[in-house]
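Q: Structure of the sequence below:
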Amino acid sequence: MNAEVLLVVITVLVALIFDFFNGFHDAANSIATVVSTRVLSPKLAVVWAAAFNFLAAFLLGTAVANTIGRGMIRLDAVDQYVVLAALFGAIVWDLLTWWWGLPTSSSHALIGGYAGAAMTHEAIHAGWRSAPSVIIAAGWYKTLIFIVVAPIMGLVLGFTFMVAVYWLLRNKAPQQVDKWFRKLQLLSAACYSLGHGGNDAQKTMGIVAGALYTAGFMSKEDMLGNWGQLHWPIILAAHAAIAAGTYFGGWRIVRTMGQKITKLKPVGGFCAESAGAITLFATALAGIPVSTTHTITGAIVGVGAVHRLSAVRWGVARQIVWAWLVTIPAAAVMSAATFCLIRFFLRQA
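A: Have a look, this model is predicted:
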């Protein structure tokens, strides 16, 4: 195995490790509501979520992967070291925010890291003034806009579903309603996990495709066409990694998502998960890489606000929003530093 092929193998393995940590970090998004309402035990909940994260490989296409792979960063400004630096920077940020118990976006950490490493690469080779030229503005517009739109969609849908359920079942006994929604929440949790897998695993698929293209293992025609039909191993590996990470998920964030923002009952869990799933299905099919964390947090806030605004712990929500705003630049800085370290060690070798 020559050095170039070995570097590609290492890059793909690191990408799958990131995907694992994505599932590990974002497992709370898939299971927080179903665990906090005690519909499923934590062990059963992670198995349920992991299974549907994997099944998303067969249902939600590759539109998000295409956006990440060729629609955000100029591919001529990318090499294997840029991809490695992007992945390492995103992994470090994910681990830090997992330790702090903050439900930040692994997706935004990845694209922030990708941009930071690519801009540093361009700055070193062509000067700092040329660094912004690696950014494909059209791909970033919709991503940045949906940092705001996705949680608002989740909030509005969650609020609307709760109001509709309360009005439709206003004459039913609370015990009967609770019994119905304990069963329905299994369906909503499954749908949300499908949306999570379909959106988040595709981001890593796009990064892997970019790495394979720069190494000459994918053609320009593959990148411009429906490469997902040609590279099922990439799709299955990415979804398997995120499913495994979900299975071993992080309980620190479960507590924040399921308990600290607002107190949930099965009906609220169903409405929040349904709102999140609809948002994720729509954006995945449209090729918009949104944050599953932002989406479900907005939905939970919307559900809590139905009772009264004071039912939402706005101090916790404010901390989460600040973490969202910091994620892309923080991951970009970490990835830029990682790229410089890689370059330094290569010179020493």
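Q: switch to C-alpha atoms for all contacts and neighbour counts from now on
A: Will do.
Q: The nearest residue to Ser130 once chain neighbours are set aside: neighbour count?
A: Of all residues not flanking Ser130 in the chain, Ala123 sits nearest, at 6.3 Å (Cα to Cα, 6 or more residues apart in numbering). For Ala123, the count of nearby residues is 17 (other Cα atoms under 10 Å).
Q: Ala123 contacts Val134, correct?
A: No - if you go by Cα atoms under 8 Å, Ala123 and Val134 don't touch, sitting 9.8 Å apart.
Q: In terms of pLDDT, where does the residue nearest to Ser130 sit?
A: Among the per-residue scores, Ala123 holds a pLDDT of 91.
Q: in the helix or strand hosting it, what's buried?
A: Taking DSSP states H and E as the definition, Ala123 sits inside helix 106-126. Residues of helix 106-126 classed as buried: 106-123 (neighbour count, 16 or more other Cα atoms under 10 Å).
Q: CA atoms of stretch 51-62 as PDB?
A: In PDB, the C-alpha atoms belonging to stretch 51-62 read as follows (Å, rounded to 0.1, in the frame of the first residue of the first chain):
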ATOM      1  CA  ALA A  51     -31.800   1.100  14.100                       C
ATOM      2  CA  PHE A  52     -33.700   3.900  12.500                       C
ATOM      3  CA  ASN A  53     -30.600   6.000  12.100                       C
ATOM      4  CA  PHE A  54     -29.200   3.100  10.000                       C
ATOM      5  CA  LEU A  55     -32.400   2.600   8.000                       C
ATOM      6  CA  ALA A  56     -32.300   6.200   6.800                       C
ATOM      7  CA  ALA A  57     -29.500   5.100   4.400                       C
ATOM      8  CA  PHE A  58     -32.200   3.500   2.200                       C
ATOM      9  CA  LEU A  59     -34.900   6.200   2.400                       C
ATOM     10  CA  LEU A  60     -33.700   9.800   2.300                       C
ATOM     11  CA  GLY A  61     -31.300  10.000  -0.700                       C
ATOM     12  CA  THR A  62     -28.000  11.900  -1.000                       C
END
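Q: in that stretch, what counts as buried?
A: Judged by neighbour count (16+ other Cα under 10 Å), stretch 51-62 contains these buried residues: Ala51, Phe52, Asn53, Phe54, Leu55, Ala56, Ala57, Leu60, Gly61, Thr62.
Q: Which strands and helices lie in contact with the longest helix along the chain?
A: Counting by DSSP state H, the longest helix found in the chain is helix 174-214. On a contact count with 3 or more Cα pairs under 8 Å, 6 or more residues apart in numbering; DSSP states H and E, helix 174-214 meets helix 3-36, helix 42-55, helix 63-70, helix 80-100, helix 220-224, helix 232-247, helix 266-286, helix 292-307.
Q: Throw those helices into a markdown table and include distance to Thr327 and mean pLDDT, thanks.
A: As requested, the helices and strands packed on helix 174-214 are exported to a markdown table (distance: least, Cα to Cα, whole Å; pLDDT from 0 to 100):
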| stretch | distance to Thr327 | mean pLDDT |
| --- | --- | --- |
| helix 3-36 | 14 | 76 |
| helix 42-55 | 24 | 80 |
| helix 63-70 | 17 | 75 |
| helix 80-100 | 8 | 85 |
| helix 220-224 | 28 | 59 |
| helix 232-247 | 20 | 82 |
| helix 266-286 | 20 | 89 |
| helix 292-307 | 12 | 81 |
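Q: so how far is Ala241 from Leu84?
A: 17 Å (Cα to Cα, to the nearest Å).
Q: cool, and Glu4?
A: Taken as Cα to Cα, the span from Glu4 to Ala241 is 24 Å.
Q: do Ile152 as well
A: 29 Å.
Q: Among these two, which residue is more densely surrounded?
A: Ala241 (25 against 20).
Q: The residue lying closest to that one once chain neighbours are set aside and Ile68, how far apart?
A: Excluding the flanking residues, the one nearest Ala241 by Cα to Cα, 6+ apart is Phe20, at 4.8 Å. Phe20 is 18 Å from Ile68, where distance means Cα to Cα.
Q: same thing with Ala3?
A: Ala3 is 26 Å from Ile68, by Cα to Cα.
Q: who's more crowded, the two?
A: Using other Cα under 10 Å as the criterion, Ala3 and Ile68 rank with Ile68 on top: 27 against 8.
Q: Just to check, that one is in contact with Lys203?
A: Yes - with contact defined as Cα under 8 Å, Ile68 and Lys203 form a contacting pair (6.0 Å).
Q: Could you tell me which residues touch both of the two?
A: Here Ile68 and Lys203 have Pro289 as joint contacts, going by Cα atoms under 8 Å, 6 or more residues apart in numbering.
Q: Output the below-cut-off pLDDT ranges for the stretch 101-250 of the chain.
A: 101-103, 219-231, 249-250 (pLDDT under 70).
Q: Please find the angle between the direction vectors of the helix or strand where Tyr141 lies and helix 174-214.
A: Using DSSP H and E, Tyr141 falls within helix 137-168. Going by axes from the mean of the first three to the mean of the last three Cα atoms, to 10 degrees, helix 137-168 is angled at 170 degrees with respect to helix 174-214.
Q: how about helix 137-168: buried residues?
A: Buried, per 16+ other Cα under 10 Å, within helix 137-168: 139-140, 143, 146-147, 149-162.
Q: For beta bridges, what are the partners of Ile73?
A: Ile135 (DSSP bridges).
Q: surely it meets Gly116?
A: No - judged on Cα under 8 Å, Ile73 makes no contact with Gly116 at a distance of 10.4 Å.
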